[in-house]
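J.: Quick one, what's the 3D model for this:
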Amino acid sequence: MVKRATLLPWHLLLTGIFFAGATYGTTFVGAEFTGDYSKLSGIIIPGFASTQLRAWSILDCPYSPFDFNPLDLVWLDTTKLLSAVNCWLKCMLLDPYNQTDHPECKSRPDSGLSAITELDPGYITGPLSSVWKEWIKWCIEFGIEANAIIAVPYDWRLSPSMLEERDLYFHKLKLTFETAFKIRGGPSLVFAHSLGNNVFRYFLEWLKLEIAPKHYIEWLDQHIHAYFAVGSPLLGATETIEATFSGFTFGLPVSEGTARSMFNSFGSSLWMMPFSKYCTADSTYWKHFSGKRNIDHPVYHCDEQEYRLNFSGWPTNIINIEIPSTPGFDAYPSVSEVAQGNMTGMECGLPTQLSFSAREISDGTFFKAIKDYDPDIKRLLYQLEKSYHGDPVLNPFTPWDRPPIKNIFCIYGIDSKTKVGYYFAPSGKPYPDNWIITDVIYEVEGSLFSRSGNLVEGNPGAMSGDETVPYHSLSWCKNWLGPTVNITRAPQSEHDGSDVQVELNVEHHYEEDIVPNMTRSPRVKYITYYEDSESLPGKRTAVWELDKANHRNIVRSPVLMRELWLQMWHDIHPGAKSNFVTKAKRGPLRNEDCYWDYGKARCAWAEYCEYRYLFGDVHLGQSCRLKNSKVDLLLHYL
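T.: The predicted model follows:
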């Protein structure tokens, strides 16, 4: 049996690092590390709809050969979805008020890594529903131990408070960190994607109330080495509006109305609503110590910029909606009683178009304005007040401050066509199909366009988002950087350093975007790194922007996995002399990175790759492999 040429050098190299770390510890400029960081663990917090849900009851499905039995897949089993959609919905829906299961079926999140790798395992459906599988394969290929990768799945249908109340999720998460520390002997790396970042933020606030204040930072330093926030909706995501009022099917064979009904039954449906960066809620943490725990809900405080600037700092108004002139059975056949008092300002029977900013969505103004025209709004208002404004730990509709973690890496995709605003109108159909989207506003690389292609006025950012979360929300973590930032732009693919651009000590002002003065080759995808290790002693903050990286697929990106691995390799190496891994060059790290250069009739990257045929290779590129002697390859990245 032929062993892959890459594995032996990696294991030898890692073994040497482990011994060096255990003997000398690890130190480098800008941070003080103690302990054996060869014992790092990786804790993965998946995003929305990225965890398998399994049935926890028996449900007989009439007119279908498929029933639901305990431990059967619910999310996601496309076979049962297609053959017994009504049964499937019973296992997915929650009571919109108290978040309990359907009387006939209940579902619970699966556990372990298998719960987040493929949502619907199978020869065809597996690759289509793959989430973290490539990530796990990458870790295995580079010699990561099995007990060093820990998934912490959760029921992504629940509001944050219900995650703790029903499943004790945050207690279990705290125990997961402490158990990983005891098993591995070192702190953990947190990898959170999308909604998983909101979950982790809530956990950090919850932890403040569980641990004595003087031990809070000590606990974080001991148990968390670095936090990788991937595709984080730091100020919310506009697609949540579409899912709430029109329905978002995620490509599943269900109608938009069905998708809307299901989504709005989840307590988490409001968790990623857009909100203003200029408004904050009273700190729940301090209320616990001041004795003011009986206040109905935190009061919003908005600075003058919220009212002086348009759109709450977002590119445009997020919702533009037509209110019918004659509400009732004609416009909404499912609504039996409609208050007429709100319609006194109507003229000539024409519909009125109302526009709402991010603040007016998050504080409930929008929902209150249309509650008489949609039967679902009462339930949404109830959840908004109970589970978010009145949450005993955190009102999520408050801009993030930098978490007090030593090392933070905020990573997201940019320059993809992303929805930032919607136009809704009544459809004349009953709920859940009573609204239709008449137009959509997109941000496209610094400009705003309607769905028809017309230019829209507004305040677009310097770049656009990742197809799901707008750039305005993703880039909020740039405010965690200090007053001076080092910026590097490099190609995503392997490169020799000829196209690397660097700007040192760039001035940065809070709540102002940083736009590097750098050139772009039109056919090259870049990574732009913003790095700061000086403003907070002993702490590092970095922001990575990946050109054209899609929100849902970024965790499967080989480029992202390569950069994460190199950064961690840099951190655990006792000989590291810089604060961050160098970007001067990027050579092949795996056999898969080597390929055949037909122009030169040899393997590309001759310094690292060579032609070495193995039985089963079907083309020249497969026979290009890393040289056996390149054990020192990673030394370039210290």
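
J.: Could you state which residue of this structure sits nearest its centroid?
T.: In the chain, the C-alpha nearest the mean C-alpha coordinate belongs to residue 194, at 1.3 Å (C-alpha atoms, centre = their mean).

J.: Please determine how far residue 170 is located from residue 568.
T.: According to C-beta to C-beta, to the nearest Å, residue 170 and residue 568 sit 26 Å apart. Where C-beta positions appear, they are placed from N, C-alpha and C, glycine not excepted.

J.: Quick one: distance of stretch 73-89 to the chain centre.
T.: The chain centroid and the centroid of stretch 73-89 are separated by 26 Å, computed with C-alpha atoms, centre = their mean, to the nearest Å.

J.: again, but for stretch 198-210
T.: For stretch 198-210, the distance to the chain centre is 17 Å (C-alpha atoms, centre = their mean).

J.: which element is residue 226 on?
T.: Following DSSP states H and E, one finds residue 226 within strand 224-230.

J.: Okay, now the unreliable bits of this structure?
T.: Within the chain, the ranges that satisfy pLDDT under 70 run 1-38, 283-299, 325-350, 628-633, 635-636, 638.

J.: Kindly recompute the last result at 80.
T.: Across the chain, residues meeting the criterion (pLDDT under 80) sit at 1-39, 63-65, 123-124, 126, 141-143, 282-300, 324-351, 573-576, 628-638.

J.: Residue 78 reaches residue 124, doesn't it?
T.: No. The pair formed by residue 78 and residue 124 falls short of the contact definition of C-beta atoms under 8 Å, at 9.5 Å.

J.: between these two, which one's more packed in?
T.: residue 78 (18 against 9; other C-beta atoms under 10 Å).

J.: Can you report phi and psi for the more buried one?
T.: Backbone torsions of residue 78, given as degrees, to the nearest 10, read phi -70, psi -30.

J.: Which parts of the stretch 401-550 of the chain are helices?
T.: 471-474 (DSSP state H, counting those that start in this stretch).

J.: Check the stretch 251-400 of the chain too.
T.: Listed in chain order, the helices of the stretch 251-400 of the chain (DSSP H, counting those that start in this stretch) span 256-264, 284-290, 304-308, 358-362, 365-369, 377-383.

J.: Mind listing what's buried along the third one?
T.: In other words, helix 304-308. Buried positions in helix 304-308, judged by neighbour count with 16 or more other C-beta atoms under 10 Å: residue 306.

J.: wait, residue 382 sits on residue 97?
T.: Yes. Applying C-beta under 8 Å as the test, residue 382 and residue 97 come out as touching, 6.0 Å apart.

J.: Now list whatever residues contact both of the two.
T.: Taking C-beta atoms under 8 Å, 6 or more residues apart in numbering as the contact criterion, residue 382 and residue 97 have no common neighbours.

J.: what about residue 455, how many neighbours?
T.: Neighbourhood size, residue 455 [other C-beta under 10 Å]: 9.

J.: got the contact list for it?
T.: The neighbours of residue 455, taking C-beta under 8 Å, 6+ apart as the test, are 447-449.

J.: before we move on, back to that, mind checking which of the helices of the stretch 251-400 of the chain is nearest residue 74?
T.: Using C-beta to C-beta as the criterion, the shortest distance between residue 74 and the helices of the stretch 251-400 of the chain is 11.7 Å, found for helix 256-264.

J.: Which other helices and strands does the closest one contact?
T.: In terms of contacts (3 or more C-beta pairs under 8 Å, 6 or more residues apart in numbering; DSSP states H and E), helix 256-264 is packed against helix 85-92, helix 239-245.

J.: if we go to 7 Å?
T.: Other elements packing on helix 256-264 under the criterion 3 or more C-beta pairs under 7 Å, 6 or more residues apart in numbering; DSSP states H and E are helix 239-245.
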